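A.B. asks: Provide a 3D model corresponding to the input given below.
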Amino acid sequence: METTSAPVFAVERAADRAYFDHGWLQTYHSFSFADYYDPRNVNWGALRVFNDDVIAPGRGFGTHPHRDMEILTYVLEGELEHRDSMGNVGVVLPGGVQYVSAGTGIAHSEFNHSTQSPVRLVQMWVLPRARGLRPQYGQVDYTLEDRRNVWLPIASGREGVDARIAIWQDATASVARLEGAPLSRHLDDGRFGFLFVADGSVTVNGHALRRGDAVRLRGPIEIDASGTGELVFWDVPGVPS
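C.D. replies: Numbering: from 1, shown residues only. Modelled structure (predicted):
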């Protein structure tokens, strides 16, 4: 007999996230990160980090190492400059995506490219399917039209998903700019979903959500979104015990 897990739909409000003001950095953590640790909130499936950051003009993160993590950065406002130990240099603009697969090891820096305006971004980490993989870097620029009233896959390691950035995990990150037209999404049985409202005001399955709010989901479940806003959605597997 086929069995299914009980679906989960849990709303998390923006104000309930861990918040730190470092002067040059205003940051909200949806999961345990840096100075914030809660053993009950380390990850959601394979999604390990989801940080909502605002970086002051001309400031940023100096060179620091990573390994065995898939790191995706989605720029919402401003300009983010990236440099790494593989020789990659790039500036990511609003709607653009930067990807680092740390694998066996990589060092990089991330700075606000502008000396006049802040940069706002969400940085997301996903556990890879294996350790010791080959490091990779990618950057893709998207337009507003690419995501207007549609789910745009920005990175994926799932078979059958067409995304310009390939990651080392059976997971997909999608974004959408909702402008009046409703959007739906199905999450398969046993999959973990994380829906984040980056901006605006939307309604998801009857729940009113605003900037910084999120929903944790576990399938099988259907979600229906309406309103006006920027959405980020992750579909990830569970983490093997």
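A.B. asks: Could I get the full set of helices for the protein?
C.D. replies: 144-147 (DSSP state H).
A.B. asks: Report the backbone C-alpha coordinates of the helix or strand bottoming out on mean pLDDT in the chain in CSV.
C.D. replies: Every helix and strand of the chain was ranked by mean pLDDT, DSSP states H and E. The lowest is strand 60-66, at a mean of 82. Coordinates of each C-alpha in strand 60-66 appear next as CSV, following Å, rounded to 0.1, in the frame of the first residue of the first chain:
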residue,chain,number,x,y,z
GLY,A,60,31.3,43.6,2.8
PHE,A,61,32.7,40.2,3.8
GLY,A,62,36.5,39.9,3.5
THR,A,63,38.1,36.8,2.1
HIS,A,64,37.0,33.7,3.9
PRO,A,65,36.9,30.0,3.2
HIS,A,66,34.1,27.5,2.6
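A.B. asks: Which neighbouring elements make contact with that strand?
C.D. replies: strand 106-112 (3 or more CB pairs under 8 Å, 6 or more residues apart in numbering; DSSP states H and E). All C-beta spots, glycine's among them, are computed from the backbone N, C-alpha and C.
A.B. asks: what does the least confident helix or strand of the chain rub up against?
C.D. replies: 24, 81, 83, 85, 100, 102, 105-112 (CB atoms under 8 Å, 6 or more residues apart in numbering).
A.B. asks: which intervals of the chain have sub-threshold pLDDT?
C.D. replies: 1-4, 240-241 (pLDDT under 70).
A.B. asks: swap the cut-off to 50 and go again
C.D. replies: 1-3 (pLDDT under 50).
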